[in-house]
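Engineer: Mind folding the following:
(chains A and B)
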Amino acid sequence: MTALPTRKLEAYRYADVDALASVWTSLAPPQRVEIAAQQKLQQIWLPSGDEIDVRRVELVLEAGAFARIFALNAASRYGRLELDVTLHEGADFALHGANIGGGDSTLEIVTTARHIAPGAISHQTIRSVLGDKATGSFLGKIEVAREGQQTDAEQSVKAILLDRGATANAKPELEIFADDVKCAHGATIGELDRNQLFYAAARGLDPVAARALLLEGFITGLWDEIEGDDQGIAELAREALRRVAA
Amino acid sequence: MLKIENLHVTVAGKPILNGVTLTIPTGEIHAIMGPNGAGKSTLAYVLGGRPGYEVTEGSVSFDGQDLFALEPHERAAAGMFLGFQYPVEIPGVSYLQFLREALNSQRRAKGEKELTGGEFIRLSKDKAALLGMDAEMLKRPVNVGFSGGEKKRAEMVQLGIMDPRIAILDETDSGLDIDALKAVGHGINAIMRAPDKSVLLITHYQRLLDYVTPDKVHVLSRGKIVRSGGPELAHELEREGYAEAAA
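Structural biologist: A predicted model of the protein is given here:
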């Protein structure tokens, strides 16, 4: 077991290390998932229900492999999703994730996408909704090796803060050694639109219902690409939004 | 009945309404006309309860109830509808979802049974048809990508779905072509021309009044009602301009 990380480490700079300390010795090592060439994988990550919920995954996509991860990070105290993805030639990876929390919860999604071969795709869409004194972060590192020509990497990170004490962090980090790549990243942090809130109120929605509905609109589309049973992730996200909207 | 008495309103400390007194009896349609900056939209917004409008004096009662004691959503549940001059876009939320939740929110507040998905879809199809709007448009996000005319038609569809006792319509006719203007006028008549309903129609121009005949016309100028009359007043204003009529 390695030593407990401190916030001096870049990947833990916004972490709740006290919460992490309480589970550190019992934490399972990162789960390693390999997807063979041309194979497909879809995973839906639901909150465990524990107040501290840490998940660490190393994903390796062989040539032409395809992976979709849909993740809801909504632990009541500390939720950390850590994902390290290695992409071989022509692999196609997408992450759709949400941090939804209130109280003094700390929620973070920390990813590294390693483009080690040509023509791979990594698209990450992260939406955070944070109320009260919650902190939600996305730290996304993209490494493009010299061999990673024609990489197509994208990060779209948006957050809504519902209260003055809430915090959102968005930190893209690009390390590019190839010269023919597309690496796009965009981040916005805002609050609910007052005109939209008044419009909803004028139609009869009470403040909590109005906020919940607008927040659903904000995360809309995150789960659209799920194939087959969504395992309840949309409903769980809706419930989490209703809690923070209340 | 909507009873506005000596209403004074400031926005960011600046007086906009300076003693508006106006009564709209149940069963009547009243039009308020006036030049830019007269305070027409302020009147609509303060009746709807938009934050940022401070009532410094006066009162408004709606069917005997103190309007200012109610939050905006409670005013809707009490039977008031505010039609927006600039309907707001809400990306990611479909019209059907928005209106169903809004209507059910009102019904809950009144202790009525909520509509099921099927019942609501039938209702919205009926009202869309009444306004000559393709019901498919209600599957799209609220007002996103709608033209100016489509937004105003959609406001009228909402009016039909909410079926209020009083409608405050703020320049519903602005930015409309003739066909849309006719549709909107027809909608107001079909939905709101009834003995138990009333309308406050705020407009710049007389042309909507070709399709909706008001019982009374009032001229608002510098935050006060300066003249009131019958439908003929609108024609006089159109002919002579506000400066003359308000003098």
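Engineer: what's the distance between the residue nearest the centre of chain A and chain B?
Structural biologist: With distances taken as C-alpha atoms, centre = their mean, A:G97 lies nearest the centre of chain A, 3.7 Å away. A:G97 is 17 Å from chain B, where distance means C-beta to the nearest C-beta, to the nearest Å. For every residue, glycine as well, the C-beta is placed using N, CA and C.
Engineer: Tell me how far that residue lies from A:A21.
Structural biologist: 25 Å (C-beta to C-beta, to the nearest Å).
Engineer: what's the first-to-last distance across stretch B:138-147?
Structural biologist: End-to-end distance for stretch B:138-147: 14 Å, by C-alpha to C-alpha, to the nearest Å.
Engineer: in that stretch, what's buried?
Structural biologist: Neighbour counts over stretch B:138-147 (16 or more other C-beta atoms under 10 Å in any protein chain shown) mark B:L138, B:P141, B:V142, B:N143, B:F146 as buried.
Engineer: now the strands for the chain?
Structural biologist: No chain in the question, so chain A it is. In chain A, strands defined by DSSP state E lie at A:31-35, A:40-45, A:52-61, A:66-73, A:78-87, A:92-101, A:106-115, A:121-130, A:135-144, A:152-161, A:167-176, A:182-190, listed in chain order.
Engineer: wait, I meant chain B there
Structural biologist: Secondary structure of chain B (DSSP E): strands at B:2-11, B:14-24, B:29-33, B:53-62, B:65-66, B:80-83, B:90-94, B:141-142, B:166-170, B:198-203, B:216-221, B:224-229.
Engineer: Among these, which comes closest to A:L41?
Structural biologist: Proximity to A:L41 (C-beta to C-beta) singles out strand B:90-94 among the strands of chain B, at 27.7 Å.
Engineer: so where's the chain uncertain?
Structural biologist: Just so you know, I chose chain A. A:1 (pLDDT under 70).
Engineer: other chain: chain B
Structural biologist: Scanning chain B for pLDDT under 70 picks out the ranges B:245-247.
Engineer: Run through the residues of chain B sitting next to chain A.
Structural biologist: With the criterion set to C-beta under 8 Å from any C-beta of the partner chain, chain B comes near chain A through B:48-51, B:71-73, B:75-77, B:81-82, B:84, B:87-88, B:90-93, B:97-99, B:101-103, B:105-106, B:109, B:141, B:158, B:162.
Engineer: quick one: contacts for whichever residue of chain A sits closest to chain B?
Structural biologist: Nearest residue of chain A to chain B: A:G217, at 3.1 Å (C-beta to the nearest C-beta). With C-beta atoms under 8 Å, 6 or more residues apart in numbering or on different chains as the criterion, the residues that contact A:G217 are B:I90, B:P91, B:G92, B:V93, B:P141.
Engineer: Pull the number of nearby residues for the second one.
Structural biologist: When you say that, I think you mean B:P91. Using other C-beta atoms under 10 Å in any protein chain shown, the number of residues around B:P91 comes to 16.
Engineer: From what I see, it and B:P141 are in contact.
Structural biologist: Yes - at 5.3 Å, B:P91 counts as touching B:P141 under the criterion of C-beta atoms under 8 Å.
Engineer: Just give the closest residue to residue 23, not the sequence neighbours.
Structural biologist: I'll assume chain A. Nearest non-adjacent residue to A:V23, counting by C-beta to C-beta, 6 or more residues apart in numbering or on different chains: A:I52, 5.3 Å away.
Engineer: that's the other chain; I wanted chain B
Structural biologist: B:K3 (5.0 Å).
Engineer: Please tell me how far that neighbour sits from chain A.
Structural biologist: For B:K3 relative to chain A (C-beta to the nearest C-beta), the value is 21 Å.
Engineer: Report the beta-bridge partners for that residue.
Structural biologist: Taking DSSP bridges as the rule, B:K3 bridges to B:T23, B:S61.
Engineer: ok, now which ones touch it?
Structural biologist: Contacts of B:K3 (C-beta under 8 Å, 6+ apart): B:L22, B:T23, B:I24, B:V60, B:S61, B:F62.
Engineer: May I have the phi/psi pair for the residue nearest to A:H115 when sequence neighbours are not counted?
Structural biologist: Spatial nearest neighbour of A:H115, excluding adjacent residues (C-beta to C-beta, 6+ apart): A:G148 at 3.7 Å. With angles defined as degrees, to the nearest 10, A:G148 sits at phi -90, psi 40.
Engineer: wait, A:G148 sits on A:I116?
Structural biologist: Yes - judged on C-beta under 8 Å, A:G148 makes contact with A:I116 at a distance of 6.3 Å.
Engineer: got the buried residues for stretch B:13-31?
Structural biologist: Buried residues in stretch B:13-31 (16+ other C-beta under 10 Å): B:I16, B:L17, B:N18, B:V20, B:L22, B:I24, B:E28, B:I29, B:H30, B:A31.
Engineer: That stretch: how far from the chain's middle?
Structural biologist: Averaging C-alpha positions (C-alpha atoms, centre = their mean, to the nearest Å) puts stretch B:13-31 13 Å from its chain's average.
Engineer: Near chain B, which residues of chain A are found?
Structural biologist: So chain A meets chain B at A:193-196, A:198-207, A:209-210, A:213-214, A:216-221 (C-beta under 8 Å from any C-beta).
Engineer: In PyMOL, how would I select just the buried ones from the residues you listed?
Structural biologist: Per 16+ other C-beta under 10 Å, the buried members of the residues of chain A next to chain B correspond to this PyMOL selection:
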select buried, chain A and resi 193+196+198+199+200+201+202+203+204+205+206+209+210+213+214+216+217+218+219
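Engineer: Identify those among the residues of chain A next to chain B that sit within helices.
Structural biologist: Cross-referencing these against helices under DSSP state H gives A:194-196, A:198-202, A:207, A:209-210, A:213-214, A:216-218.
Engineer: what two of the residues you listed are the furthest from one another?
Structural biologist: Maximum distance among these (C-beta to C-beta): 20.1 Å, for A:A202 and A:F218.
Engineer: Excluding residues flanking it in the chain, which one is nearest residue 106?
Structural biologist: Using chain A here. A:D16 (4.1 Å).
Engineer: nope, chain B please
Structural biologist: B:Q106 sits nearest to A:G204 (C-beta to C-beta, 6+ apart), 3.9 Å away.
Engineer: Same question for A:R32.
Structural biologist: Per C-beta to C-beta, 6+ apart, closest to A:R32 is A:E58, 4.7 Å.
Engineer: looking at chain A, which residue lies furthest from center?
Structural biologist: Relative to the centre of chain A, and counting by C-alpha atoms, centre = their mean, the farthest-placed residue is A:A202 at 34.1 Å.
Engineer: which ones are touching it?
Structural biologist: B:G48, B:G49, B:R50, B:P72, B:H73, B:R75, B:A76, B:F81, B:L82, B:F84.
Engineer: cutoff 7 Å now
Structural biologist: For A:A202, the contact set (C-beta atoms under 7 Å, 6 or more residues apart in numbering or on different chains) comprises B:G48, B:P72, B:A76, B:L82.
Engineer: Ok, B:K224 next?
Structural biologist: By C-beta under 7 Å, 6+ apart, the residues touching B:K224 are B:N18, B:G19, B:V20.
Engineer: separation between it and chain A?
Structural biologist: Going from B:K224 to chain A by C-beta to the nearest C-beta gives 25 Å.
Engineer: And B:N189, by the same measure?
Structural biologist: 22 Å.
Engineer: repeat for B:A243
Structural biologist: 33 Å.
Engineer: before we move on, back to that, and the strands of chain B: which comes nearest A:R238?
Structural biologist: strand B:90-94 (12.6 Å).
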